[in-house]
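1. sequence-free structure coming up:
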């Protein structure tokens, strides 16, 4: 048995999300199916574990996954064999030998996301699956002041999807920056881990602040409420991209905020 | 009757091209259909004339079109009315009042195109409809030396699609530059006009040179042959984007090459 670490990019538009589901095609399923000929047992592929369970319509530039299986091929041959079988909207960018027991989800020590808000009056046809288009004027300075309250170690229970239930809702947001560029607001978020919908609820709440519906300082009371109803709407999935996953615990964090 | 000048962006992936055809949906058709409620007569929309007839799968950042019709709305309202009706992969970026008789095709004095060749081993899923993916090594310097032979006023009959028959196949290529950037070769082409498939045959021929299949200086004999069989293959449509159209005859050309 060998354990491999995969780096993947995908356009999530046509998928129900990372995780295998009954109601449609998932990234996990197409990957496991692609593994079947090179590592299949009993007619099915091995289980592929993703660092994070991206939602339906969410994209990835460098998702990481792990797989433990009997595979006879060199990593570069695994890469080619997978890409031949995968649909063109899912690509394996890299395959590396990993230490035995490596688990892409449990061993991840940080993730980085990008959220694109298109603010132009007319949405470019090339961006239609990759941004949240909202041309309402936004006060970006107010959004930045609000964002500052979220950086650091906090209980993000208010920013977790309704119905999700993890025991520990404390996370460290190491970076939360809003960059204005070419008719867009690009929100860069990095941290040690994220609750379900956390980035999208953060962006929806910041957008509320930008529209004057909430005060920047209200973020403190939203955090304190520990109640999803206190925060703003969940921003659309299309704008969100998983940019990267961190594993090296000795690597310096993006910011010394936690 | 008024004449309007439209600027349009489109993702050409799902269309048979600019021109209305029996065998599928064209950009022209969806535009004319979108005009029907605001300028329709006898149950059909007015004719919309495009500056250039982009092929199936070719994209546009700023195609220009003209329409002459009875329209009661201000240009900004025409823009909104069209975008509400158009599919999201076709967007009107601008609507301006034009002088009577303005004709987007006949009055165009220049066009600029971009052709993207992805050279990375693995094609990004986000580029799959927008590039020609060919990871074969290319000698970019040789391609640039070959490109230099095409700049200027020449008879481009060898670079015209088979079956096309225009009387005058002389055109001026004002710019033909190859930029290497981020795992891509981007070919920038501008000129006073282009024959059918001309940019794609130019790119296919330059790619042959880059692969060592042709000598850079062979471009002179290819031009002299005035025969499509002398040139290289037609590069795939997906890599091509119409970047802009020029109308102002007093504007300086990109280069004084013709």
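-> That came through fine. Bear in mind that the values here come from a model prediction, so they are computed numbers and not experimental data. Numbering: from 1, shown residues only, chains lettered A, B, ... in the order given.
2. now stretch A:77-85, how far from the centre of its chain.
-> Mean-position distance between stretch A:77-85 and its chain equals 24 Å (C-alpha atoms, centre = their mean, to the nearest Å).
3. contacts for it next, please.
-> If you take C-beta atoms under 8 Å, 6 or more residues apart in numbering or on different chains as the criterion, stretch A:77-85 is touched by A:4, A:6, A:31, A:33-35, A:37-38, A:71, A:73, A:91-92, A:94-95, B:122. Placement of C-beta: from N, CA and C, glycine included.
4. in ChimeraX, how would I select the buried members of those?
-> With 16 or more other C-beta atoms under 10 Å in any protein chain shown as the criterion, this ChimeraX line picks the buried residues out of the contacts of stretch A:77-85:
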select /A:4,6,31,33,34,35,38,71,91,92,95 /B:122
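5. just the contacts of stretch A:77-85 now: which is nearest residue B:135?
-> residue B:122 (8.3 Å; C-beta to C-beta).
6. now for the helix-or-strand element of chain A with minimal mean pLDDT, which elements pack on it?
-> Across the helices and strands of chain A, mean confidence by mean pLDDT, DSSP states H and E is lowest for helix A:27-39: a mean of 93. Helix A:27-39 sits against strand A:2-10, strand A:48-50, strand A:59-69, helix A:75-85, strand A:90-98, with contacts defined as 3 or more C-beta pairs under 8 Å, 6 or more residues apart in numbering or on different chains; DSSP states H and E.
7. redo that, cut-off 6 Å
-> Other elements packing on helix A:27-39 under the criterion 3 or more C-beta pairs under 6 Å, 6 or more residues apart in numbering or on different chains; DSSP states H and E are strand A:48-50, helix A:75-85.
8. the last one vs helix A:27-39, what angle?
-> It refers to helix A:75-85. Orientation check (axes from the mean of the first three to the mean of the last three C-alpha atoms, to 10 degrees): helix A:75-85 against helix A:27-39 gives 120 degrees.
9. report the buried residues of helix A:75-85.
-> Applying 16+ other C-beta under 10 Å to helix A:75-85 flags A:75, A:78, A:79, A:80, A:81, A:82, A:83, A:85 as buried.
10. would you mind listing what in chain A touches chain B?
-> For chain A, the residues in contact with chain B (C-beta under 6 Å from any C-beta of the partner chain) are A:9, A:10, A:11, A:88, A:89, A:91, A:93, A:122, A:125, A:126, A:128.
11. farthest pair within those?
-> A:93 and A:122 (32.7 Å).
12. phi, psi of residue A:244?
-> Backbone geometry at residue A:244, expressed as degrees, to the nearest 10, gives phi -180, psi 160.
13. surely residue A:222 is in a helix?
-> Yes. Counting by DSSP: H, G, I helix; E, B strand; the rest coil, residue A:222 is located in a helix.
14. which residue lies nearest the spatial centre of chain A?
-> Centroid-nearest residue in chain A, with C-alpha atoms, centre = their mean: residue A:242, separated by 3.7 Å.
15. can you pull the contacts of the nearest residue to that one once chain neighbours are set aside?
-> Of all residues not flanking residue A:242 in the chain, residue A:60 sits nearest, at 4.3 Å (C-beta to C-beta, 6 or more residues apart in numbering or on different chains). Counting by C-beta atoms under 6 Å, 6 or more residues apart in numbering or on different chains, residue A:60 makes contact with A:9, A:10, A:242.
16. what's the closest of the residues you listed to residue B:185?
-> Taking C-beta to C-beta as the measure, residue B:185 sits nearest to residue A:9 out of the contacts of residue A:60, at 20.5 Å.
17. surely the closest one is in contact with residue B:126?
-> No. If you go by C-beta atoms under 6 Å, residue A:9 and residue B:126 don't touch, sitting 7.5 Å apart.
18. among those two, which residue is more densely surrounded?
-> residue A:9 (22 against 19; other C-beta atoms under 10 Å in any protein chain shown).
19. tell me the pLDDT of the more buried one.
-> As predicted, residue A:9 sits at a pLDDT of 98.
20. swap in the one 4 residues further on?
-> pLDDT recorded at residue A:13 is 97.
21. what does residue A:41 give?
-> Confidence at residue A:41, expressed as pLDDT, is 70.
22. neighbours of the closest residue to residue A:39 other than its chain neighbours, just the number please.
-> Distance criterion C-beta to C-beta, 6+ apart; nearest residue to residue A:39, sequence neighbours excluded, is residue A:69 at 3.8 Å. Neighbours of residue A:69 under the rule other C-beta under 10 Å: 17.
23. got the helices and strands packed on helix A:27-39 as JSON lines, with mean pLDDT columns?
-> Shown next, in JSON lines, are these (pLDDT from 0 to 100):
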{"stretch": "strand A:48-50", "mean pLDDT": "96"}
{"stretch": "helix A:75-85", "mean pLDDT": "96"}
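24. need these in a markdown table (columns: distance to residue A:207).
-> Compiled in a markdown table, the helices and strands packed on helix A:27-39 are given as follows (distance: least, C-beta to C-beta, whole Å):
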| stretch | distance to residue A:207 |
| --- | --- |
| strand A:48-50 | 28 |
| helix A:75-85 | 37 |
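25. residue A:111 in helix, strand or coil?
-> strand.
26. in the stretch 151-258 of chain A, what residue comes closest to chain B?
-> residue A:241 (9.3 Å; C-beta to the nearest C-beta).
27. which strands border the helix or strand where that residue lies, and is each parallel or antiparallel?
-> Following DSSP states H and E, one finds residue A:241 within strand A:240-246. Strand partners for strand A:240-246, identified by DSSP bridges, are recorded as strand A:59-69 (parallel), strand A:110-118 (antiparallel).
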